[in-house]
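Asker: Below are the sequence and a predicted model; questions follow.
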Amino acid sequence: MRANTRRRLGETLRESAGTPQALSERESYEKMYNEDLAKFDAAEHNLYFGRLDLTDDALAAEPVGDRGEAGERTRRIGRIGILDDDEFDTTLLLDWRAPLARPFYLATPAAPEGVDRRRHVRTRSRAVRGVSDEYLQSGRIDGDRAEVNVVNESALVDALNTARTGEMTDIVETIQREQDEIIRSTHRGVLVVQGGPGTGKTAVALHRAAYLLYTHRDVLSRSGVLIIGPNDDFLRYIGQVLPSLGETGVLLSTIGDLFPDVHAAGVDTRTAASIKGDQRMLAVLRSAVRGRQSLPGRGGVTVPFDGYELVVDNEVVSAARSAARATRRAHNLAQRTFVRVALDELAARHARHIGSSELDGTPLLTSGDLEDIRRELELDDAVVTTVTGFWPQLTPQGVLRDLYADPTYLRRSTRGWSDEDRAALHRTAAPAADDADLSPADVPLLDELAELIGYRTDEADRIERARWRQRLSEAQDALDILTGSAPQDLEDDLDPEILMAYDLIDAEQLAQRQEHTQYRTTAERAYTDRTWTFGHVIVDEAQELSSMAWRMVMRRIPNRWMTVIGDTAQTGDAAGSTSWADVFTPYVANRWRLSELTVNYRTPSEITAYANRLLARISPEQQPPTSLRSNGIEPFAVRADDAARAAAELVAAARWPGLTTIITADTSVAAVRATVATAAPDIDVHAITASKGLEFDNVVVVEPADLIDGSPRGLSDLYVALTRATQRAVVVHEKDLPEDLADLPAGP
Ligand SMILES: Nc1ncnc2c1ncn2[C@@H]1O[C@H](COP(=O)(O)OP(=O)(O)OP(=O)(O)O)[C@@H](O)[C@H]1O
């Protein structure tokens, strides 16, 4: 398949494409073949992993195919679908997402789904390393031939016990029933997946994206799928999963990266982040934009025109402002109305002033004269600049920065707020050139401002026009070079028989052709366009999104076809949510559906025994997920005068297998990192907010008391920290332990 695809790709690239249409056709073939090659490479590893043998009854009940052929008794399931080269295109391998593959994930001895035998095949490179069979009719299980092994879900247990590499892997071989139901859900509205730590929420989110792309390829490859994750580390951690499933067209982004050209890297205090995420900001931003629609004040301002001093006063501006506001258009888009009305008014005044009879005040000018004045006003830069000063073109960044920096503007825009809240927004630092000083909590505010200002249309148009002019001038240059290189002696006495480049094509056409070759994927186009609307949006760690962030996300998905994944008990951000109903009712009333995941695949029961006590205090109504396994490694606590140093020494001495990290409060991470760096430089330290969604074999929590005190949702933070571990959890502390952990055995 690879060789064939390569050959076709080569042929396609060699074809000349004369017309723009042929060119665009060639590009879509090129794209298709490249995607196929990527898919084949991705499938190389564990290509074939499962086999179903159906019972006689199930086989008899199979629908007969179009060509009258009977169904196959044996189905082989793999990462991608493969058809044979024969005349019937016989299926060799079923894609794991195909409906016929589904019993592989659903069949149990209690509900065998027509399956007689299910076989798990494990391969390494191209060698089969292990096979295990389950006979679903009898419940009998045959062990492995190639390895010492094992029970029913040996593949699953193997997968769970594997040491972590710092990159998430796909779970196609071992998807469990409750996960499969979510991955293949046909619900077309908001599907909320609530599940405790380690229940596979992230895994499910990614496999759902792959499944939807397979099942709705037509629609979704054009509109795109967006996955939102909590931070860059997390996106890196999950980044390989979809490519390993052969899917490359999905846009992964954090909230802080969702506004084109802004890479928000600034850090807010928890108070500032929580205020910025609150719906109260809506009124603030509206008032900030209105605050830029100002009046000249008593006496107005004067501007020289036509030898006179033209007065732009409150009366003129407020008439124009009312007219502009009455259009109900976004600020920048209403500017035209504002200017038009202001100039009309000024023209009328000026005409009255210069053209009235000195005797009785009757007008001496004709309507034609009035029009002339009006036109001259419009062409007068000084006049236009003065007028637009009272209703200027705005940018979201400009408004937000002024709001934070200018105490008077901030006070006016936040009437009724406490001084404390207002102070949390105020900032004095100078802006960074690329807006990197803005924080992730600022991004939803920029997006909201872009709506209020109407920045999108204007700005997108402007960029588009600039891009086009650039392309046009490049094409023009290319043509000039072509004609310039024509033999000199033709210059004066052009031979009509010789065709020049200009005779065949002009710059406009050339530029247009160029346009087709801008090979951009759906994800790339979506990323640079703020108003792009996606076909499906998946939000992971969704409990962390603030109200303002939800407004931004909802703008990207007007059809509201979303999968929202999270755990309200893990909410750490003070602006995050603790109730899904509160989040979705405003957008979809009660048309959202809740699914739950109940099994913890990550954390062994030895650790969850402690973590669940915290859960009982965070959300007593929540059923704790059951740990799938126990590993006999008891968590322990170490008390020391310098907890960070003790933790570093412990880790350095222990040499536990697998990935190890120290997790600590955001407020103490800098100090802990500094101490650890001197004691044992190679040891990894994570702030709690940066460890969201990640997992490590061994987790050392430094100073639980700081985690609890470090945030209004401190208990949740501690709960998250403990449940990052796949094998071992250790607590090192100087202050007293919280009562839920007080009985941890002392170690090591
Ligand atoms: N069916 C499965 N087969 C194999 N591994 C699985 C399966 N389900 C989950 N896992 C593994 O369990 C671990 C936890 O999964 P994941 O990170 O998706 O959980 P989560 O619910 O998002 O956790 P958290 O809320 O704590 O971030 C991962 O290593 C994942 O690969």
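Answerer: Looks like it arrived, so ask away. Please read all numbers here as calculations on a predicted model, not as lab measurements.

Asker: What parts of this structure come near the ligand?
Answerer: Within the chain, the positions adjacent to the ligand are 156, 159-160, 171, 174-176, 179, 195, 197-203, 567, 601-602, 693, 695, 723 by CB under 6 Å from any ligand atom. Quick note: C-beta positions are derived from backbone N, CA and C, even for glycine.

Asker: Give me the buried subset of those residues.
Answerer: Among the residues of the chain next to the ligand, the ones that count as buried by 16 or more other CB atoms under 10 Å are 156, 160, 171, 174-176, 179, 195, 197-203, 567, 601-602, 693, 695, 723.

Asker: Just those residues: which are in helices?
Answerer: 156, 160, 179, 201-203 (DSSP state H).

Asker: need these in TSV with pLDDT, can you?
Answerer: Compiled in TSV, those are given as follows (pLDDT from 0 to 100):
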residue	pLDDT
Leu156	76
Leu160	77
Gln179	92
Lys201	92
Thr202	92
Ala203	92
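
Asker: Phe259: which of these is nearest?
Answerer: Relative to Phe259, the closest of these is Thr202; by CB to CB it sits at 24.0 Å.

Asker: Name the nearest residue to the closest one, ignoring sequence neighbours.
Answerer: Using CB to CB, 6 or more residues apart in numbering and skipping residues adjacent in sequence, the residue nearest Thr202 is Asp540, 5.6 Å away.

Asker: which ones are touching the one you found?
Answerer: Asp540 sits next to 201-202, 205, 227-230, 234, 565-566, 693 when contact means CB atoms under 8 Å, 6 or more residues apart in numbering.

Asker: Surely Thr428 forms part of a helix?
Answerer: No: counting by DSSP: H, G, I helix; E, B strand; the rest coil, Thr428 is not found in a helix; it is coil.

Asker: Tell me how many other residues crowd the closest residue to it other than its chain neighbours.
Answerer: Nearest non-adjacent residue to Thr428, counting by CB to CB, 6+ apart: Ala405, 7.1 Å away. Other residues within reach of Ala405, judged by other CB atoms under 10 Å, total 15.

Asker: hang on, Ala405 packs against Ala430?
Answerer: No: counting by CB atoms under 8 Å, Ala430 is not a contact partner of Ala405; they are 9.1 Å apart.

Asker: Sketch out the low-pLDDT regions of this protein for me.
Answerer: Where the chain drops to pLDDT under 70, the residues are 17, 63-71, 139-154, 356-361, 363-364, 456-522.

Asker: where along the stretch 101-250 of the chain do the helices fall?
Answerer: 103-106, 154-161, 177-183, 201-215, 217-223, 232-238, 241-244 (DSSP state H, counting those that start in this stretch).

Asker: got a list of contacts for the last one?
Answerer: Taking contacts as CB under 8 Å, 6+ apart, the residues outside helix 241-244 that touch it are 38, 42, 45, 168-170, 203, 206, 209-210, 248, 250.

Asker: For it, buried residues please.
Answerer: 241-242, 244.

Asker: which one of the helices of the stretch 101-250 of the chain is the most hemmed in?
Answerer: Highest mean neighbour count among the helices of the stretch 101-250 of the chain (mean count of other CB atoms under 10 Å): helix 201-215, with a mean of 23.

Asker: Report all helices and strands that it contacts.
Answerer: When contacts are defined as 3 or more CB pairs under 8 Å, 6 or more residues apart in numbering; DSSP states H and E, helix 201-215 sits against helix 177-183, strand 190-195, helix 217-223, strand 225-228, helix 241-244, strand 536-539, strand 562-566.

Asker: Turn these into JSON lines, columns for distance to Val131.
Answerer: Listed next are the helices and strands packed on helix 201-215 as JSON lines, based on distance: least, CB to CB, whole Å:
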{"stretch": "helix 177-183", "distance to Val131": "22"}
{"stretch": "strand 190-195", "distance to Val131": "31"}
{"stretch": "helix 217-223", "distance to Val131": "33"}
{"stretch": "strand 225-228", "distance to Val131": "34"}
{"stretch": "helix 241-244", "distance to Val131": "23"}
{"stretch": "strand 536-539", "distance to Val131": "34"}
{"stretch": "strand 562-566", "distance to Val131": "34"}
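
Asker: closest one to Gln21 among the ones you listed?
Answerer: It's helix 217-223; of these, that one is closest to Gln21 (CB to CB) at 18.7 Å.

Asker: Next up, the contacts around whichever residue of the stretch 351-500 of the chain sits closest to the ligand.
Answerer: Residue of the stretch 351-500 of the chain nearest the ligand, by CB to the nearest ligand atom: Pro440 (18.4 Å). Pro440 sits next to 254-256, 264, 266, 268, 273 when contact means CB under 8 Å, 6+ apart.

Asker: Of those, which is the nearest to Gly78?
Answerer: Once CB to CB is applied, the member of the contacts of Pro440 that ends up nearest Gly78 is Thr254, at 32.9 Å.

Asker: Surely that closest one and Gly229 touch.
Answerer: Yes: here Thr254 lies in contact with Gly229, judged by CB under 8 Å, at a distance of 6.1 Å.

Asker: what do those two both touch?
Answerer: Leu235.

Asker: what about these two, which has more around it?
Answerer: Gly229 (25 against 18).

Asker: Make sure that one is actually in contact with Glu541.
Answerer: Yes: the criterion here is CB under 8 Å, and Gly229 meets it with Glu541 at 6.5 Å.

Asker: what sits in contact with each of these two?
Answerer: Counting by CB under 8 Å, 6+ apart, the contacts common to Gly229 and Glu541 are Gly693.

Asker: Show me the helices in the stretch 601-748 of the chain, by range?
Answerer: Going by DSSP H, counting those that start in this stretch, the stretch 601-748 of the chain shows helices at 605-618, 643-654, 669-679, 704-709, 714-722.

Asker: and these, which is most packed in?
Answerer: Comparing those by mean count of other CB under 10 Å gives helix 714-722 as most buried, with a mean of 25.

Asker: Which other helices and strands does it contact?
Answerer: In terms of contacts (3+ CB pairs under 8 Å, 6+ apart), helix 714-722 is packed against helix 605-618, strand 696-702, helix 704-709.

Asker: ok, now with 10 Å
Answerer: Contacts defined by 3 or more CB pairs under 10 Å, 6 or more residues apart in numbering; DSSP states H and E place helix 714-722 against helix 605-618, strand 660-664, strand 696-702, helix 704-709, strand 725-733.

Asker: in its sheet, what does the last one sit against?
Answerer: Strand pairing for strand 725-733, determined by DSSP bridges: strand 636-639 (parallel), strand 696-702 (parallel).

Asker: How about the second one?
Answerer: Its sheet considered, strand 660-664 pairs with strand 684-687 (parallel), strand 696-702 (parallel) by DSSP bridges.

Asker: So which residues of the stretch 251-400 of the chain form helices?
Answerer: Applying DSSP H, counting those that start in this stretch to the stretch 251-400 of the chain gives helices spanning 270-276, 280-291, 314-326, 331-354, 367-379, 381-388, 396-405.

Asker: and Ala609, what does it touch?
Answerer: Counting by CB atoms under 10 Å, 6 or more residues apart in numbering, Ala609 makes contact with 603, 624, 627, 630, 634-635.
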